[in-house]
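I'll drop the sequence and a predicted model, then ask my questions.
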Amino acid sequence: MWIDTHCHIHMEDDPLELAQDAFRADVEALICIGTDVISSQKALGLASTIESAIREGASNLPRAYSTIGLHPHDAANKGMIGVEGIAHLASENAPSRIGNLVGIGECGLDYYYEHSPREEQRKALISQIELARRYDLTLVIHTRDAWDDTFAVLRENPLPDKVLFHCFTGDREIASKVLELGAFLSFSGIITFKNAEEIREAARYTPLDRILIETDSPYLAPVPYRGKRNVPAFVGIIGEFMAGLKKMSVSEFSEATISAAKECFSLK
């Protein structure tokens with residue numbers, strides 16, 4: 001069994017079908033990740049819909065959880081379509097964990113595209129760190145071409161108990177810095193790509209109790225589906241590949257990543 005700790009099926013046309021396909025592929029749970037106010041609302045809604053169906057007797061769906069957050073691409077958004085809107089969603093949903101809300105993010109710094117000014121990204125990240133602390137939620141970090149500044153922000157601000165670097169793309173040295181923060185690392189289909197040896201070395205270095213796996217669907221499909229639409233049902237491909245890297249049986253690695261995911265997100 002597997003847990004897909006980062007997917008965006010709530011933004012797809014066929015989310016329930018994708019969830020059912022995932023269940024048939026031995027995915028026991030998935031986490032729908034918000035990237036702005038609208039997607040965060042949809043993540044909450046899909047998780048609630050799936051959980052309601054399970055309570056009513058559905059036996060063909062994985063457990064579903066959600067996060068709410070403002071991606072660095074949209075960090076310049078103001079008011080209720082920006083951080084203020086995420087804060088409002090948190091105040092309305094976090095106390096009762098509506099939609100099985102388990103995290104804030106994905107949020108962070110992205111200097112590859114810089115769709116928002118760097119200072120706006122930094123402010124949005126700090127605000128969401130504060131939200132994660134206030135509501136005791138896991139902080140889900142997105143960072144691209146911004147390692148130094150990301151670490152600087154995280155060291156300068158009090159953090160929530162649980163921090164996760166999603167879709168980890170750093171090398172062993174960067175992984176060690178993440179681990180020094182007490183954070184978790186999540187690996188995506190990128191780890192199966194031919195040119196990803198530095199990421200594979202980081203995965204070999206990372207202790208099992210800090211490793212999560214994700215699809216980031218519909219993006220970053222693993223080999224042999226690279227370039228095609230990614231889906232949560234593919235998370236097992238990543239898990240099996242990483243079990244080989246760690247020289248473990250698939251079942252042992254599966255148990256370890258499920259345990260780490262439950263610890264990281266306080267899943268019940």
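Ah, there it is.

Quick check: L154 vs W147, distance?
L154 sits 11 Å away from W147, going by Cβ to Cβ, to the nearest Å. (Glycine included, C-beta is placed from N, CA and C.)

Those two: which is more packed in?
Between L154 and W147, counting by other Cβ atoms under 10 Å, L154 is the more crowded of the two (23 against 19).

ok, and the closest non-adjacent residue to the more buried one?
Among residues not flanking L154 along the chain, L181 sits closest, at 6.1 Å (Cβ to Cβ, 6 or more residues apart in numbering).

OK, contacts around that neighbour?
Residues in contact with L181 (Cβ atoms under 8 Å, 6 or more residues apart in numbering) are F151, L154, R155, L159, V163.

Point out the other helices and strands that the helix or strand encompassing the first one packs with.
The secondary structure element spanning F151 is helix 147-156 (assigned by DSSP states H and E). When contacts are defined as 3 or more Cβ pairs under 8 Å, 6 or more residues apart in numbering; DSSP states H and E, helix 147-156 packs onto strand 101-110, helix 118-134, strand 138-144, helix 172-180.

out of these, deepest packed?
strand 101-110 (a mean of 27; mean count of other Cβ atoms under 10 Å).

Provide the strand pairings for that strand, with the direction of each partner.
Sheet pairing here is set by DSSP bridges, and for strand 101-110 it gives strand 63-68 (parallel), strand 138-144 (parallel).

Need those strands in a markdown table (columns: mean pLDDT).
Converted to a markdown table, these look like this (pLDDT from 0 to 100):
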| stretch | mean pLDDT |
| --- | --- |
| strand 63-68 | 98 |
| strand 138-144 | 98 |
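
now those as TSV including distance to W2?
As requested, the strands paired with strand 101-110 are exported to TSV (distance: least, Cβ to Cβ, whole Å):
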stretch	distance to W2
strand 63-68	12
strand 138-144	18
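
Out of the ones you listed, flag the one nearest I174.
strand 138-144 (9.5 Å; Cβ to Cβ).

just the angle between the closest one and helix 172-180, please?
Note on geometry: by axes from the mean of the first three to the mean of the last three Cα atoms, to 10 degrees, strand 138-144 and helix 172-180 are set 160 degrees apart in direction.

Strand 138-144 vs helix 147-156, what angle?
Using the same axes, to 10 degrees: strand 138-144 against helix 147-156 is 150 degrees.

top helix in this structure by residue count?
helix 37-55 (DSSP state H).

quick one: average confidence on the helix or strand where M242 lies?
Element membership for M242, per DSSP H and E: helix 235-245. The pLDDT scores in helix 235-245 average 98.

What is that helix packed up against?
Packed against helix 235-245, as judged by 3+ Cβ pairs under 8 Å, 6+ apart, are the following elements: strand 2-7, helix 197-205, strand 211-213, helix 250-265.

Between these, which one is closest to A90.
Per Cβ to Cβ, nearest to A90 of the helices and strands packed on helix 235-245: helix 250-265, 15.7 Å.

Okay, buried residues for that closest one please.
Neighbour-count burial for helix 250-265, counted by 16 or more other Cβ atoms under 10 Å, picks out F253, S254, A256, T257, I258, A260, A261, C264, F265.

same thing with stretch 19-26?
A19, Q20, D21, A22, F23, A25.

Check stretch 238-253 too.
Judged by neighbour count using 16+ other Cβ under 10 Å, the buried positions of stretch 238-253 are I238, G239, F241, M242, A243, F253.

Between those residues, which sits nearest L208?
Nearest to L208, judged by Cβ to Cβ, of the buried residues of stretch 238-253 is F253 at 7.8 Å.

give the contact list for that closest one.
F253 touches L208, G239, M242, A243, K246, counting by Cβ under 8 Å, 6+ apart.

Check the residues you listed against S39 and report the nearest one.
Among the contacts of F253, G239 lies closest to S39 (Cβ to Cβ), at 25.6 Å.
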